[in-house]
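Q: Sequence plus predicted model, see below.
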Amino acid sequence: MGYPHKPHPKETVVLSQYFGDPDARTFKGWTKRGGYEALAQALKMQPVEVVEVVKESGLRGRGGAGFPTGLKWSFMPKEKKKPHYLCVNADESEPGTFKDREIMRWTPHALLEGTAIAAHAIQAEVAYIYIRGEFTEPWTIMEKALAEADAAGVFGKIKIVLHRGAGAYICGEETALMNSIEGKRGNPRIKPPFPAAAGLFGMPTTINNVETLTVVPHVLKRGAAWYKGLCLSNPKSTGTKLFSVCGHVQRPGNYEVTMGFPLKDVIYDMCGGVPAGRTLKACIPGGSSVPILNREETERTLLDYEGCVATGSMLGSGGIIVFDDSADMVYQIMRLARFYAHESCAQCTQCREGTAWTTKILERILAGQGKTQDLDLLLDLSDNMTGKTICVLSDSCAAPVVSGIKKFKNEFEDYIAGRRKPMMVA
Amino acid sequence: MGETPLVNLTIDGVPISVAPGTLVIEAAKQAGVLVPHYCYHPGLPVAGVCRMCLVEIEKAPKLQIACATTVTEGMVVKTQSAPAKDARKSVLEFLLINHPLDCPICDQAGECELQDFVFQEGRSGTRYAEYAKRFNPVEDFGPDVLYVPNRCILCTRCVRFMDDVAQEPVLNVSERGDRAYIGIHPEARLDHPWAGNVVDLCPVGSLLSKDFLHKARAWELDKTASVCTGCSQGCSITLDTRDEVVVRVRPRPNLDVNQYFICDHGRANYRWMNRGDRIEAPLVRRGGGESELHATDWDEAFARVLGILRGASGKAVALVSPGASVEALSLAKRLLSAFQWTGAFQIVMGEEAPLAGVPNLALRAERAPNAKGAEQLGYTRDYDAAVKAAESAAVVLVLDDPDCPVQTAGALIYAGTVLPPETACRAAQVVLPIANVAEEEGTFVNRDGRAQRYFQAKPAPGMARPAAWVLGELAAALGVAEAPR
């Protein structure tokens, strides 16, 4: 849903407080709202103190993996022998996810402030914000905001650089992003070495998601205890999280809730449920790379890192894709596989060939030419594509295929047995 | 000298100790275990992309690639466990779905790592039925390199060679996903002086040498260890022969000289070894005023030479090829030990072409394999002075230097592979037919003083014999050397 719109009463508004407020985009407007106070506070602290506060808050990465942010920062060398870098992953390309875009559109200074604090915490002199190529509006807004903040001199010795991607999904993978900034082809690198040892330009590097860094000023200002207190379920998942809801719901959009909030309440209350006369069929809770949930699982899932794992999926990036009973799951899964086949960087054999082969089999099933053994073949290929490659793109293609066949097998069998009208997919 | 303690590990049940920092794939080699692989090559940076070398390592949560994992103390590696074999089998299946399987017309067949590993542990049938395979037309990459994209498995060895070793980054991976192929810069050619190595590095038949195209099947070739004669670097090579004809030159790994590479000059430097216009019999002067050279047997030729040597005294000059073996050069000097001796050689010069990524490796300007060996034996580079000295010498021996402009009042003995053209050497009293480098074994000393042995790849034509045998027989008859065995 577009902004401005009033937050739903059940939302916990922290990051999205100024969404829809154009005045908050300006440096003046942002400082009027208490902006850059946390940065000034952080610059007076020792880097290690900032790291401790963030560790204490329980903040975990919002990009998908959920790695504890403070712990990640603490991996950077304590004794600085080489330049340190901070990379900000604003290459939000995960299908179904559009939270970072809104953060950059409405609160660019929140991101810049969080970036500068993180740079200070890891002793980086340069921070690169890698913005997805298609994000034209956020790019313009970020450029303007950075120019204003630079003119005001709030960053001290820290230099923030905006880097625009060219639109490849894989450049959102942390090491591919670093290659891309370096001017190389956006291919993920083999690990080890991990970025904290040798990242951007071979130097110690930390990479964080936009949403993660936008949280940091709030943590510093209001304290780790306050942030830790934002928790409805598992104490390992703290704070609020922006969820981008799309698909078959009455009011799609970004919703900010406290960790542990029930998924069904997001879908039914905040988003107004599925269109009238339809019923919920399935849901992908964390962006296209995580396993699909059926209705029963969806309705008992709690939105935090552990809650999504408990029902067999993952919190991922918080991109919630909702399917009602009109959705053709075979077609939906084929579209996801096709996306991964298109975006595979072509390095690893399993991914390069497997994503494309998976897509071809699904297309053939949809065209009414599927064979009984195709489902076993898809599962076997998915198994061969999981846990064997440099990055997880290949695994991400396999996840919806495996969960889709497991949970919606009858739909596949209907196409194969000829009970469903073939679909022409070009 | 402090010794670093070795790391102990077990690979397929074989206990082994290796230096710290060794990659599992290299440690496995030392344990006698070949981990199947495509993208890994010891002469290139690690890419870790083909995923073929996945192995099981105890206590690791998932399979690891042997090419990018360093050994740790107590590590237990299993290359033949069910998960590892299944993973490799699936990689082979993925590699084959878009592969044309045109082995019957592919130059690589018989020495193809895709073919080998599929036979070893791949599937016998395909599950990729009824789908079209990826097709891209053959591309002309450079003077000697063709790219057949349909056979490509995108291991990126060629790209890494050009990027990191040749340091002329003209190749890349273009496109993404299963549309990917090896691309070349639109305004560039693969014409780097060392570019031909991409053909050897290619584990499949995707990069082909135009020179070798459809010339022979791999299983028809005999392979002989040799040393390149193209320059003074002395790269280790293999001479591939089919039916006693040299058809291909390939690098032979030698970490001290050329690592895994040879230059294109050396690679193309073999056709002369197959020349048909060879001297096939000893020749001696006969007829009125001894005006004509006539074919004879070795006994008469030796008798003539010995007659000349025993009947002369004073100055002797040896004008030799810097491509002759140490053995021949040594005997040529000893044969003339009763004389006041001068020996010299001349070197053809060319342009130097270094391989940027490897220290002390270049196509050297001095295009001769044994100049250093000749110098160490006392031959000089002052060729002109020696030619001048030869005018008044009692005996002149020319060793495989047919264009030598020598004019002498004394006796001229010519030992060579080919008959001199209608020039000075045609005036020889005796002509002794000798073998070329592919037809004998011997030793060269490269520019860094490294003595390296080369071996016989094919027989010499007719009655031609290795120069060391010819000169050795003569020296033995004079009592200045032991008879050759």
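A: Now that the structure is in, tell me what you want to look at.

Q: in the stretch 351-485 of chain B, which spans are strands?
A: In the stretch 351-485 of chain B, the strands defined using DSSP state E, counting those that start in this stretch lie at B:353-354, B:362-363, B:395-399, B:411-416, B:430-433, B:442-445, B:451-454.

Q: make that the stretch 201-350 of chain A, sorry
A: A:205-209, A:240-247, A:253-258, A:261-262, A:280-284, A:293-294, A:302-303, A:319-324.

Q: tell me the most buried of the strands of the stretch 351-485 of chain B?
A: Compared across the strands of the stretch 351-485 of chain B, strand B:395-399 shows the largest average neighbour count, a mean of 28 (mean count of other Cβ atoms under 10 Å in any protein chain shown). Every residue, glycine included, has its C-beta placed from N, CA and C.

Q: for the strands of the stretch 201-350 of chain A, which one sits closest to chain B?
A: strand A:205-209 (19.6 Å; Cβ to the nearest Cβ).

Q: Dump the strands of the stretch 351-485 of chain B to CSV, plus mean pLDDT and distance to residue A:348.
A: Listed next are the strands of the stretch 351-485 of chain B as CSV, based on pLDDT from 0 to 100; distance: least, Cβ to Cβ, whole Å:
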stretch, mean pLDDT, distance to residue A:348
strand B:353-354, 98, 34
strand B:362-363, 98, 36
strand B:395-399, 97, 58
strand B:411-416, 96, 57
strand B:430-433, 97, 59
strand B:442-445, 98, 44
strand B:451-454, 98, 41
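
Q: Using TSV, please lay out the ones you listed together with distance to chain A.
A: Listed next are those as TSV, based on distance: least, Cβ to the nearest Cβ, whole Å:
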stretch	distance to chain A
strand B:353-354	25
strand B:362-363	28
strand B:395-399	55
strand B:411-416	55
strand B:430-433	55
strand B:442-445	41
strand B:451-454	37
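
Q: With distance to chain B as added columns, please give the strands of the stretch 201-350 of chain A in TSV.
A: Shown next, in TSV, are the strands of the stretch 201-350 of chain A (distance: least, Cβ to the nearest Cβ, whole Å):
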stretch	distance to chain B
strand A:205-209	20
strand A:240-247	25
strand A:253-258	30
strand A:261-262	31
strand A:280-284	22
strand A:293-294	25
strand A:302-303	27
strand A:319-324	22
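
Q: Could you list the low-pLDDT ranges of the chain?
A: I'll assume chain A. Along chain A, the parts satisfying pLDDT under 70 run over A:1-4, A:426.

Q: look at chain B instead
A: Residue ranges of chain B with pLDDT under 70: B:1-2.

Q: contacts for the helix of greatest length in it?
A: For chain B, the helix with the greatest residue count under DSSP state H is helix B:82-97. Helix B:82-97 has contacts (Cβ atoms under 8 Å, 6 or more residues apart in numbering or on different chains) with A:349-350, A:352-354, A:357, A:384, A:388, B:36, B:38, B:50-52, B:54-56, B:63, B:78, B:114, B:117-118, B:121-123, B:126-128, B:131, B:133, B:153.

Q: what residues does the stretch 51-200 of chain A put near chain B?
A: Applying Cβ under 8 Å from any Cβ of the partner chain, we find that the stretch 51-200 of chain A lies next to chain B at A:168, A:170, A:185, A:190.

Q: Write out the residues of the stretch 51-200 of chain B neighbouring chain A.
A: With Cβ under 8 Å from any Cβ as the criterion, the stretch 51-200 of chain B meets chain A at residues B:51-52, B:54, B:62-63, B:65, B:68, B:86-87, B:90-91, B:93-95, B:97-98, B:127-128, B:130-131, B:153-154, B:156, B:172-173, B:175-180.

Q: quick one: the helices in the stretch 201-350 of chain A?
A: Ranges of helices in the stretch 201-350 of chain A, per DSSP state H, counting those that start in this stretch, are A:210-222, A:224-229, A:263-265, A:295-299, A:305-310, A:329-343, A:349-366.
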